[in-house]
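[1] Structure for the following, please:
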Amino acid sequence: MRIAIFTLGSRGDVQPYVAIGREAIKNGHSVVICTGESFRGFIEDNGIEYAKADLDLMALLKTKEGQEIFNNGTKHIIKAMKYAKENVNPAYRNTMEQFYNCAKDADIIIYHPKALGTQDIALNLDIPCICMSPVPFIYPIEEFPNLIVSSKGNFGKILNKLTYLSMKYAEASNIKEINDFIEKVLKQPKRKIGVYTYDIDNKEIPIIYPVSKYLFTEVKSWIDKVYLSGFVFLDNEEEVLSDEIIDFIDKKSAPIVISFSSMPLKNSNRFKEILIEALNKTKNRAIVLTGISGMSFESEENILGIPSAPHNLLFSLAKGIMHHGGVGTMASALKSGKPQLIMPFSVDQPFWANRLYNQGYALRPILEKDVTVDKLIKLFNEMDRKENIDRAIRIKEKLECENGNKNIISYIEKIYINK
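    Now for the predicted structure:
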């Protein structure tokens, strides 16, 4: 079976698909991943075929203008719309054609919800497609509202379900590009917005959420509608921690690991000063994965600042983890069995921050604007409390009973056989 995977976004939007790609290859399948050029090396280093997508959201986010739109887009709507029209939409149109070319020799397509046009491609080529969403916001349920609408509220069964109507209009801002692609490339007539959100020609599109059922024990609405596979993890045997990291960890007590991944801080200098003071006053050390946060560390004795490191190897050696709440980072933190503190930025991150806090698997979340030395001291001290350590260990033990990677491949094979 040849599997074509379409995904767009940050590292957290790509890594789960790389993980299942590796698993599929182990099971004798061939895999190609079509995404932004920023991830070519990452994909090919994991032994998976890469196909270019012109829409490289990670590259856009690294630009000064892209970061400004990301951080302040809601304050400058006109500017954000102009940026999308000039930079995002044309790339989206080209990417749909690249998806199509990538899928021509595929037997099945796995797609991220951001991969617009996928359902049209699957219909045109008469092959099955599966929507794999890293976050649970696609299928309408009664238990909690769409996380895009509310990250922690509950409006009651009926209203909760109604909040998912927004998914029907998720492609609205790009329907012009979609229909241009449909007409000129697929040679089909234009269509309306949202007609293939949940089904194609009255046949339901299978939906996978690569998350753990242990975080959603109260949700019954997904039964027979959505497959919860368990978290997927990318365990690369060739990855190792650098000597610099090992030497730093071996010197003294276990450090707090801080990682905001693809998220730029709004005021990196302010946060850095607060962090240094809070660490000194609590006699903690830290390894900071600086990413594109805007922070850099050179002369601080108790802080090691490095661009990145494998979460699966580093987190388990930490005293605790402070991160942005991206689903991949959050899953790795849960798997490490260490207390975690989430400082969410946007999208699904506030949802995970509140869900894990309410279930006792994370400390009370804090926003960047609310961070102070005293608050950070209190939260760092919370990482030493026995009940928080015990809860972290309990969820780790539960996750060890799941194998999301293998579960997803088995599910895909079943869909293909029964197509």
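[2] who does the top strand by length along the chain touch, helix- and strand-wise?
    Secondary structure of the chain per DSSP state E: the longest strand is strand 30-36. Packing partners of strand 30-36 (3 or more Cβ pairs under 8 Å, 6 or more residues apart in numbering; DSSP states H and E): strand 2-6, helix 11-26, strand 49-53, helix 57-62, helix 89-103. Bear in mind the C-beta positions are built from the backbone N, C-alpha and C, glycine included.
[3] okay if I get those as TSV plus mean pLDDT and mean neighbour count?
    TSV is the format used below for the helices and strands packed on strand 30-36 (pLDDT from 0 to 100; neighbours: other Cβ atoms under 10 Å):
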stretch	mean pLDDT	mean neighbour count
strand 2-6	98	25
helix 11-26	94	23
strand 49-53	98	19
helix 57-62	76	18
helix 89-103	96	20
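[4] ok, back up a step: on contacts alone, who are the packing partners of the helix or strand following the longest strand of the chain?
    Helices and strands here follow DSSP states H and E; after strand 30-36, the next one along the chain is helix 40-45. Here helix 40-45 touches helix 11-26, strand 49-53, going by 3+ Cβ pairs under 8 Å, 6+ apart.
[5] repeat that with 10 Å
    Here helix 40-45 touches helix 11-26, strand 30-36, strand 49-53, going by 3 or more Cβ pairs under 10 Å, 6 or more residues apart in numbering; DSSP states H and E.
[6] Given the second one, what are its sheet partners and their directions?
    Same thing as strand 30-36. Each strand paired with strand 30-36, and its direction, by DSSP bridges: strand 2-6 (parallel), strand 49-53 (parallel).
[7] and the angle for the first one with helix 89-103?
    Same thing as strand 2-6. 170 degrees (axes from the mean of the first three to the mean of the last three Cα atoms, to 10 degrees).
[8] Considering only helices and strands, which part of the protein has the lowest mean pLDDT?
    Ranked by mean pLDDT, DSSP states H and E, the weakest helix or strand in the chain is helix 64-72, scoring a mean of 62.
[9] Beyond that one, next helix or strand please.
    The C-terminal neighbour of helix 64-72 among helices and strands, as given by DSSP H and E, is helix 77-83.
[10] Which other helices and strands does that following helix contact?
    Using 3+ Cβ pairs under 10 Å, 6+ apart, the elements in contact with helix 77-83 are helix 64-72.
[11] Let me know which of the strands paired with strand 30-36 is the nearest to Asn101.
    strand 49-53 (7.8 Å; Cβ to Cβ).
[12] List the contacts of the closest one.
    Here strand 49-53 makes contact (Cβ atoms under 10 Å, 6 or more residues apart in numbering) with 2, 4-8, 21, 25, 30-37, 39-44, 91-92, 94-99, 101-103, 115.
[13] please redo it, this time with the cut-off set to 6 Å
    Val32, Cys34, Thr35, Gly36, Glu37, Arg40, Ile43, Glu44, Thr95, Gln98, Cys102 (Cβ atoms under 6 Å, 6 or more residues apart in numbering).
[14] Beta-bridge partners for the fourth one, please?
    Assessed by DSSP bridges, Gly36 has beta-bridge partners Ala53.
[15] Per-residue pLDDT of it, please?
    pLDDT, Gly36: 96.
[16] Can you report how many residues lie near it?
    23 (other Cβ atoms under 10 Å).
[17] and if you look at Gly28?
    Neighbour count of Gly28, defined by other Cβ under 10 Å: 7.
[18] Quick one, grab the pLDDT at it.
    For Gly28, pLDDT reads 97.
[19] and it, what are its phi and psi?
    phi 90, psi 10 (degrees, to the nearest 10).
[20] tell me the SS of Leu356?
    Under DSSP: H, G, I helix; E, B strand; the rest coil, the three-state class of Leu356 is helix.
[21] Thought Ala362 was touching it, still the case?
    Yes - taking Cβ atoms under 6 Å as the contact criterion, Leu356 and Ala362 are neighbours in contact, 3.7 Å apart.
[22] Which of those two has more residues huddled nearby?
    Ranked by neighbour count (other Cβ under 10 Å), Leu356 and Ala362 place Ala362 first, with 27 against 22.
[23] Distance to Ile223 added to the strands paired with strand 30-36, as TSV?
    Formatted as TSV, the strands paired with strand 30-36 follow (distance: least, Cβ to Cβ, whole Å):
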stretch	distance to Ile223
strand 2-6	26
strand 49-53	34
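[24] And the ones you listed: which comes nearest Ser293?
    Of all the strands paired with strand 30-36, strand 49-53 sits nearest to Ser293, with 25.6 Å by Cβ to Cβ.
[25] what about that closest one, distance to the chain center?
    How far strand 49-53 lies from its chain's middle: 19 Å, per Cα atoms, centre = their mean, to the nearest Å.
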